[in-house]
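> I'll drop the sequence and a predicted model, then ask my questions.
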Amino acid sequence: MMRPGKGVIGLRLLEVTTDGVRDDNPDGHPPGAYVAGGRRIESGRLRSVRKSVAASGRAGIGVLLAAAALVATRAGVALAADAPARSRMHFADTVSGRPFSKDPAVVRFQDRYWLYYSLPPYEGKPTRGWSIGVAVSENLLDWRKIGELRNTGEAERNGFCAPGAIVLGGKVHLFYQTYGNDRRDAICHAWSEDGLHFTRNPTNPIFRPTGDWNCGRAIDADAIEHEGRLLLYWSTRDPAFKVQMQGVAAAPLESDFGRDAWTQLNLDGPILKPELPWEGRCIEAAAMARHGGRLYMFYAGSYNVEPQQIGVAVSDDGVRFTRLFDEPFLPNGPPGSWNSSESGHPYLFQDDDGRDYLFYQGNNDRGRTWYLSMVPIAWKQGKPIVGSLEEKGPGE
């Protein structure tokens with residue numbers, strides 16, 4: 001059996017058969033043609049892949065998917081934008097009576113993968129408001145729910161959600177927001193030794209921003225280690241509560257991450273605010289990654305279902321960011337696709353084997369339901385690309 005992360009994950013944008021990859025041929029491609037994103041890929045370019053699959057049997061399907069995605073990418077196919085098929089990972093919690101999971105965060109902990117996500121209120125829920133669901137997986141594709149976090153303490157009285165997760169010192173640390181408090185929503189912190197049962201920081205909420213450029217609210221946390229500190233990214237709004245923007249704070253790695261540990265690094269204004277047409281009035285949900293010594297922020301542009309889409313910016317110090325693209329890096333899907341209303345709220349998971357995966361939320365019914373999905377990320381000339389997996393990992 002292949003180890004998780006080693007050749008078993010690819011974009012499920014093409015239909016798999018035992019002898020190749022082909023679509024349902026709506027455009028009359030010749031028999032045996034290979035198609036991605038509506039464009040034909042010459043079968044000769046996948047010949048070596050087919051031989052590999054024949055040698056490895058069903059276990060080779062994952063390799064085939066990955067190679068097909070790689071060939072399509074090199075052929076200039078915009079996989080994420082063009083493919084109407086449902087992603088291989090298509091997870092939603094149904095405890096609320098409908099498929100509804102938002103705001104993913106993923107870590108590898110104790111030899112398996114852990115998914116933390118926002119869960120809405122539902123009938124019979126023992127505590128008030130939003131909360132956080134927990135699921136586990138052996139392969140990053142198939143997830144099994146194992147529990148929910150319950151409201152604890154005054155800070156979480158009205159609800160809590162939108163987790164960011166990081167493993168530090170053999171513990172899972174969650175940085176998440178309160179919910180239902182309008183301008184008073186803030187970031188909280190908790191930690192766990194088993195991934196499921198969390199101890200709250202006694203100083204919760206641990207952070208909310210200052211400065212006359214923002215409203216004092218902080219939501220959508222993510223954290224990353226950088227030069228001996230933990231950087232905490234968060235979203236806030238302007239004083240009129242109209243425009244969503246990004247900020248960052250820092251705490252020593254050896255601290256308890258309590259309220260007194262944090263220093264806001266952007267006192268005079270946001271580190272990133274909406275400027276491009278597709279970003280509307282919102283930049284939120286920073287998802288941080290490190291590559292080649294630089295920090296990359298995958299972020300959500302525009303409010304939910306406007307549509308929200310995902311962009312990327314890069315920084316050398318974690319405070320001053322430059323956009324890499326003028327258009328969405330991961331757009332919403334075309335009409336008829338599972339994510340036609342949104343591809344939003346990203347989370348960039350970097351596995352122990354050096355492979356990177358972009359998790360995100362989406363739906364096709366303007367927010368009545370919410371699913372979580374994932375695409376693999378590789379890097380080329382200092383920029384991320386979607387959908388290429390190589391046997392030795394997605395290096396440059």
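Cool, got the structure.

> can you give me the strands for the stretch 251-396 of the chain?
263-264, 283-291, 294-301, 309-315, 322-323, 342-350, 356-363, 371-380, 383-386 (DSSP state E, counting those that start in this stretch).

> Next, the buried residues of the longest one.
Okay, so that is strand 371-380. Of the residues in strand 371-380, Tyr371, Leu372, Ser373, Met374, Val375, Pro376, Ile377, Ala378, Trp379 count as buried by neighbour count, 16 or more other CB atoms under 10 Å. In this view, the C-beta of every residue, glycine as well, is placed from N, C-alpha and C.

> so which two of the residues you listed are the farthest from each other?
Using CB to CB, the pair of the buried residues of strand 371-380 lying farthest apart is Tyr371 and Trp379, separated by 26.5 Å.

> per-domain residue ranges of this structure.
As assigned by automatic domain parsing, the chain contains the domains 15-82, 102-386.

> so where's the stretch 251-396 of the chain uncertain?
388-396 (pLDDT under 70).

> let's go with 80 and repeat that
With pLDDT under 80 as the threshold, the stretch 251-396 of the chain has low-confidence stretches at 387-396.

> Tell me the pLDDT of Leu46.
Note for Leu46: predicted pLDDT of 36.

> So what's the gap between the helix or strand harbouring Glu148 and the chain middle?
Assigned by DSSP states H and E, Glu148 belongs to strand 144-149. Remark: strand 144-149 is offset 19 Å from the chain centroid, using CA atoms, centre = their mean, to the nearest Å.

> Tell me what angle the helix or strand following that strand forms with strand 342-350.
Scanning forward in sequence from strand 144-149 by DSSP H and E, the next helix or strand is strand 160-168. Interaxial angle, strand 160-168 versus strand 342-350 (axes from the mean of the first three to the mean of the last three CA atoms, to 10 degrees): 20 degrees.

> Compare the strands of the stretch 251-396 of the chain and give me the one nearest Pro120.
When these are compared by CB to CB, strand 356-363 sits nearest Pro120, at 12.6 Å.

> coming back round to it: now the strands of the stretch 251-396 of the chain as TSV including distance to Ala186?
Below are the strands of the stretch 251-396 of the chain laid out as TSV (distance: least, CB to CB, whole Å):
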stretch	distance to Ala186
strand 263-264	13
strand 283-291	15
strand 294-301	20
strand 309-315	24
strand 322-323	28
strand 342-350	19
strand 356-363	22
strand 371-380	25
strand 383-386	31
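
> Go through those and name the closest to Pro209.
Of all the strands of the stretch 251-396 of the chain, strand 263-264 comes closest under CB to CB, at 5.9 Å.

> Which other helices and strands does that closest one contact?
Strand 263-264 sits against strand 244-252, with contacts defined as 3 or more CB pairs under 8 Å, 6 or more residues apart in numbering; DSSP states H and E.

> let's see it at 10 Å
strand 229-237, strand 244-252 (3 or more CB pairs under 10 Å, 6 or more residues apart in numbering; DSSP states H and E).

> Now do the first one: which elements does it pack against?
The elements that strand 229-237 packs onto, with contact taken as 3+ CB pairs under 10 Å, 6+ apart, are strand 160-168, strand 171-178, strand 187-192, strand 219-226, strand 244-252, strand 263-264, strand 283-291, strand 294-301.

> Run through who's touching the shortest one.
Yep, that's strand 263-264 we're talking about. 207-211, 218, 229, 232, 234, 247-252 (CB atoms under 10 Å, 6 or more residues apart in numbering).

> That one pairs with which strands?
Using DSSP bridges, the strands paired with strand 263-264 are strand 244-252 (antiparallel).

> For the partner strand, which residues meet the burial criterion?
Going by 16+ other CB under 10 Å, strand 244-252 has these buried residues: Gln244, Met245, Gln246, Gly247, Val248, Ala249, Ala250, Ala251.

> next one: stretch 286-296
Ala286, Ala287, Met288, Ala289, His291, Leu295, Tyr296.

> Kindly report the same for stretch 151-171.
151-152, 155-156, 158-166, 171.

> Dump it to PDB, keeping only the CA atoms.
C-alpha atoms of stretch 151-171 as PDB (Å, rounded to 0.1, in the frame of the first residue of the first chain):
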ATOM      1  CA  ASN A 151     -18.500  26.100  23.800                       C
ATOM      2  CA  THR A 152     -16.400  26.700  26.900                       C
ATOM      3  CA  GLY A 153     -16.100  29.900  28.900                       C
ATOM      4  CA  GLU A 154     -17.500  33.400  28.500                       C
ATOM      5  CA  ALA A 155     -15.500  34.200  25.300                       C
ATOM      6  CA  GLU A 156     -17.200  31.300  23.500                       C
ATOM      7  CA  ARG A 157     -20.700  31.900  24.900                       C
ATOM      8  CA  ASN A 158     -22.300  32.900  21.600                       C
ATOM      9  CA  GLY A 159     -20.300  30.600  19.500                       C
ATOM     10  CA  PHE A 160     -16.800  30.100  18.000                       C
ATOM     11  CA  CYS A 161     -15.500  29.000  14.600                       C
ATOM     12  CA  ALA A 162     -12.900  29.500  11.700                       C
ATOM     13  CA  PRO A 163     -10.000  27.500  13.200                       C
ATOM     14  CA  GLY A 164      -6.400  27.800  12.200                       C
ATOM     15  CA  ALA A 165      -4.200  24.900  13.300                       C
ATOM     16  CA  ILE A 166      -0.500  24.300  13.900                       C
ATOM     17  CA  VAL A 167       1.500  21.500  15.700                       C
ATOM     18  CA  LEU A 168       4.000  22.900  18.200                       C
ATOM     19  CA  GLY A 169       5.800  21.000  20.900                       C
ATOM     20  CA  GLY A 170       3.900  17.800  20.300                       C
ATOM     21  CA  LYS A 171       0.500  19.500  20.700                       C
END
